[in-house]
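1. Predicted structure and sequence below. I'll ask about it afterward.
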Amino acid sequence: MNVDTIADFLADQREETPDELQFLIIQFENLWERKLWHQLTDALIEFFANPKSEPQRLNFYKVFILKFADKINQLKLVDLGLKAATQCRDDQERLTFLTSLAKKVDNENSQDAFVYATAAVARVELDLRNLEASRKHLDQAERILDSFDSVETKVHAAFYQVNANYYQAKADFASYYRNALLYLACIDLSSLSPDERKARAYDLGIAALVSDSIYNFGELLQHPILAALTGEVAWLQELLLAFNRGDLAAFDVLSGHISSNPLLKEHVEDIRQKIYLAALTESVFRRPPHQRAMSFGTISADTKVREDEIEHLVMKALSLGLVRGTIDQVDELVNFTWVQPRILDMSQIASMNQRLGEWGENVNKLGNWIEATGQDIWAP
């Protein structure tokens, strides 16, 4: 297509463009003629960012942008391509379009753009339920990402978002939880709508509860996304906090909500086992290090688990790395030497403060005793 034809195309598009965007079309003509590619790219990004440009995006990309695609920042080219792809008729057409875009930016000096586009391809494959193809693209993108010293945050965000969605589709809750948190670390939460924030927080909370390998919710509890759990889903935040402090009474009060979610209902026994483990670690944490030799009876009273199941409960906690210690099966005694660190609420901090105060008093008493006992030795 020659310059005259591009000019004709822009003139035609100007007639279809809303009045408030007319000035951008005029800029396109001027910048095209002057070959100011960087400025032209920024003007196109502004145009594509406006929802009223949606009906024209695909045409602009295919007829206009592709004429100078190799002259502009390739990440910005992918940005424009992703916006244009929203106007494809269906997912199959969108897949073809994005696959072509990914191939176009698959060059030695634009591998970040290639990863960005590949993540988009993986997302559409996921929408089409082609999980194997989606995984293949994600693995390819991950290998390239791992080779970078640095890359724009939005590239990481795109990858982690699709990777999280893939693991959610596969019901791999621990991997979903990890990738979803990494995605949130790469974005500004204000870029998500209130409904999106609530949905993401809800999915994260459910994943944390049903995963068979997540027993510490500290990273989620500290994340501002949790503030989105309000209204009819506020109970989930309270339930997560109850798990964090090993609060069996609060769990019993909130457990009625478990049946409201099919996943929680399906994993109800595993969730109950998890709260017992949380109660055990909280019981060990509350005790000073020199008082952590606990009988099976004491553990049973603190965790509400029958005494004949205490050994299994403690072995489970040991195998998961939640605690360390030894079990005396003869005397039915457990000597705990360490408990996994975790996020503390105000009551737990108050308990730690009290223990520090007691420790300080014991140190003073020991100092006074040494001074009194050894007075004859070091008296002048």
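-> Here it is on my side, so go on.

2. Report pLDDT for residue 55.
-> If you check residue 55, the pLDDT there is 95.

3. can you check the one 3 residues further on too?
-> The predicted local confidence for residue 58 comes out at a pLDDT of 96.

4. My guess is it contacts residue 93. True?
-> No: here residue 58 lies out of contact with residue 93, judged by C-beta atoms under 8 Å, at a distance of 9.8 Å. Yep, even glycine has a C-beta here, placed from its N, CA and C like the rest.

5. Between those two, which is the more surrounded one?
-> More crowded of residue 58 and residue 93, by other C-beta atoms under 10 Å: residue 58, with 19 against 14.

6. which stretch of helix or strand covers that one?
-> Residue 58 belongs to helix 54-59 when assigned by DSSP states H and E.

7. how far out from the middle of the chain is that helix?
-> Helix 54-59 has its average C-alpha position 33 Å from the chain's average C-alpha position, going by C-alpha atoms, centre = their mean, to the nearest Å.

8. Who are the packing partners of that helix?
-> The contact analysis (3 or more C-beta pairs under 8 Å, 6 or more residues apart in numbering; DSSP states H and E) places helix 54-59 against helix 3-16, helix 74-85.

9. and for the first one, what are the contacting residues?
-> Counting by C-beta atoms under 8 Å, 6 or more residues apart in numbering, helix 3-16 makes contact with 1, 22, 25-26, 28-29, 32-33, 55-56, 59-60, 63-64, 67, all of which sit outside it.

10. tell me which of the residues you listed is nearest to residue 282?
-> Nearest to residue 282, judged by C-beta to C-beta, of the contacts of helix 3-16 is residue 55 at 58.1 Å.

11. and the gap between the nearest residue to residue 17 once chain neighbours are set aside and residue 157?
-> Setting aside the residues directly before and after it, residue 17 is nearest to residue 25 in space (C-beta to C-beta, 6 or more residues apart in numbering), at 5.5 Å. Distance, residue 25 to residue 157, using C-beta to C-beta, to the nearest Å: 31 Å.

12. Which one of the helices and strands packed on helix 54-59 lies nearest to residue 198?
-> helix 74-85 (24.8 Å).

13. tell me which residues of that closest one are tucked away?
-> 74-75, 77-85 (16 or more other C-beta atoms under 10 Å).

14. can you check stretch 186-205 too?
-> For stretch 186-205, by 16+ other C-beta under 10 Å, it's 186-187, 192, 197-198, 200-205.

15. Distance to residue 292 for those - can I get that in TSV?
-> Shown next, in TSV, are the buried residues of stretch 186-205 (distance: C-beta to C-beta, whole Å):
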residue	distance to residue 292
186	40
187	42
192	43
197	41
198	41
200	39
201	35
202	37
203	37
204	33
205	31
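
16. in the helix holding residue 58, what counts as buried?
-> For helix 54-59, by 16+ other C-beta under 10 Å, it's 56-59.

17. With just CA atoms, put that helix into CSV.
-> Once non-C-alpha atoms are left out, helix 54-59 reads as follows in CSV (Å, rounded to 0.1, in the frame of the first residue of the first chain):
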residue,chain,number,x,y,z
GLU,A,54,-13.3,-0.4,19.4
PRO,A,55,-15.1,-0.8,16.1
GLN,A,56,-12.1,0.6,14.2
ARG,A,57,-9.3,-1.1,16.0
LEU,A,58,-9.0,-4.2,13.9
ASN,A,59,-9.0,-2.3,10.6
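
18. Name the surrounding residues that touch that helix.
-> Helix 54-59 is contacted by residues 13, 16-17, 48, 83-84, 86-88 when judged by C-beta under 8 Å, 6+ apart.

19. okay, and for this protein, where does confidence drop off?
-> For the chain, the stretches with pLDDT under 70 are 1-4, 343-352, 355, 374-380.

20. In three-state terms, how would the residue nearest to the spatial centre of it be classified?
-> Nearest residue to the geometric centre of the chain (C-alpha atoms, centre = their mean): residue 181, 1.4 Å. With DSSP: H, G, I helix; E, B strand; the rest coil as the basis, residue 181 sits in helix.

21. Next: residue 325.
-> Quick answer, by three-state DSSP: residue 325 is strand.

22. How about residue 246?
-> coil.

23. Using PDB, write out every CA atom in stretch 206-221.
-> Taking Å, rounded to 0.1, in the frame of the first residue of the first chain, the C-alpha atoms of stretch 206-221 are listed here in PDB:
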ATOM      1  CA  ILE A 206     -10.700 -20.800  48.600                       C
ATOM      2  CA  ALA A 207      -7.500 -22.100  47.100                       C
ATOM      3  CA  ALA A 208      -5.600 -21.500  50.400                       C
ATOM      4  CA  LEU A 209      -8.200 -23.500  52.300                       C
ATOM      5  CA  VAL A 210      -8.500 -26.500  50.000                       C
ATOM      6  CA  SER A 211      -4.800 -26.800  49.000                       C
ATOM      7  CA  ASP A 212      -3.100 -29.800  50.500                       C
ATOM      8  CA  SER A 213       0.200 -27.900  50.800                       C
ATOM      9  CA  ILE A 214      -0.700 -24.400  52.000                       C
ATOM     10  CA  TYR A 215      -0.800 -24.200  55.800                       C
ATOM     11  CA  ASN A 216       0.400 -20.600  56.300                       C
ATOM     12  CA  PHE A 217      -1.800 -17.900  55.000                       C
ATOM     13  CA  GLY A 218       0.400 -15.000  56.000                       C
ATOM     14  CA  GLU A 219       1.200 -13.700  52.500                       C
ATOM     15  CA  LEU A 220      -2.500 -13.500  51.700                       C
ATOM     16  CA  LEU A 221      -3.500 -12.100  55.000                       C
END
